[in-house]
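A.B. asks: My questions are about this predicted structure, shown below with the sequence.
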Amino acid sequence: MWKLIRLEWKKNDTKKYMIYQAIIIAVLGFLLFAMCYYIPIDAEMGMTDSVPEIGDMAIQIDLLSNLSFLIFTSVMLSSFIIKAYKNKTQSLMFSYPISRKKIIFSQMMAVWIFCAAGLFFGKLFIYLLLALTSMVKDGFPLGYDMTSVSFYLQTILKTVLTVTLGFLPLYIGKRMKSSKAAIISSFLLFSVMNGTIGDLTLRGNTILPVLLFIVSLICGFLTVHNVEKEDVM
């Protein structure tokens, strides 16, 4: 299985995706650094009331990084799998004396491992960047503690959740035979998870992410299931 995963990385030239990831992380880091550094601080009152949304930067880091990498994961899954069907390169892979299920699963895992590593280390980079910023700008509440074990456990869990959610748009895109459908689905999925209607918001809901995680795992299973009987698109 590991050889198949490495083959997928080599076949799809993951170096370019590493560059894309680096650009995304750099842009997010610069944006969040600017938000953190240029917040007006009152000498007597502390944090001004004009920016209550960014009083806790951990929320902003999660929001922006999860959105970016959910879409990025959907793009990679579309390129590795859906586009491979449309370009007929998948038929060449299926001609090998290897189970189709193993091929599809290895493609999914190749993207999952790549994106999970990128999101995890990207988040750590941004967290560290803002932590160093807070040392320069006293009084800015970051809302996280990088010396805590629970901080890293939560970061890992959120990373696993975000990247796994990419299986749901993949299933939709594969069923509709459209990469655009997969990418649009990732936007809609994130909107549902973080949507706000009046005073009602789903952002802090703990049940919804768990349910979507289970649905995504089911979609991942269905993507692999019965692939032996499918015709190449």
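C.D. replies: Structure's in. What do you need? Just so you know, these numbers come straight off a predicted model, no measurement behind them.
A.B. asks: what comes up buried for the longest helix along the chain?
C.D. replies: Scanning the chain for the longest helix, with DSSP state H as the assignment, gives helix 100-136. Using 16 or more other CB atoms under 10 Å as the burial criterion, the residues of helix 100-136 that qualify are 100, 103-112, 114-116, 118-120, 122-123, 126-127, 129-131, 133. Backbone N, C-alpha and C define where each C-beta goes, glycine included.
A.B. asks: Who are the contact partners of residue 72?
C.D. replies: 20, 21, 24, 115, 118 (CB atoms under 8 Å, 6 or more residues apart in numbering).
A.B. asks: and if you look at residue 58?
C.D. replies: 127, 142, 143, 144.
A.B. asks: Of those residues, which is the nearest to residue 162?
C.D. replies: residue 127 (15.4 Å; CB to CB).
A.B. asks: Surely the closest one and residue 146 touch.
C.D. replies: Yes - at 6.0 Å, residue 127 counts as touching residue 146 under the criterion of CB atoms under 8 Å.
A.B. asks: and residue 99, backbone torsions?
C.D. replies: Main-chain dihedrals, residue 99, degrees, to the nearest 10: phi -60, psi 140.
A.B. asks: What number of residues are in the vicinity of it?
C.D. replies: Residue 99 sits with 13 neighbouring residues when counted by other CB atoms under 10 Å.
A.B. asks: Chain neighbours aside, what residue packs nearest to it?
C.D. replies: For residue 99, ignoring the flanking residues on the chain, the nearest one in space by CB to CB, 6 or more residues apart in numbering is residue 228 at 7.3 Å.
A.B. asks: Could you check how far that neighbour is from residue 100?
C.D. replies: Using CB to CB, to the nearest Å, residue 228 is found at 5 Å from residue 100.
A.B. asks: show me where the protein has helices.
C.D. replies: For the chain, the helices defined by DSSP H occupy 2-11, 14-37, 57-77, 83-86, 89-94, 100-136, 149-164, 167-176, 179-194, 207-224.
A.B. asks: Which of those has the lowest mean pLDDT?
C.D. replies: Ranked by mean pLDDT, those end with helix 89-94 in last place, scoring a mean of 74.
A.B. asks: tell me what it is packed against?
C.D. replies: Here helix 89-94 touches helix 100-136, going by 3 or more CB pairs under 8 Å, 6 or more residues apart in numbering; DSSP states H and E.
A.B. asks: could you redo the last one with a cut-off of 6 Å?
C.D. replies: Helices and strands touching helix 89-94, by 3 or more CB pairs under 6 Å, 6 or more residues apart in numbering; DSSP states H and E: there are none.
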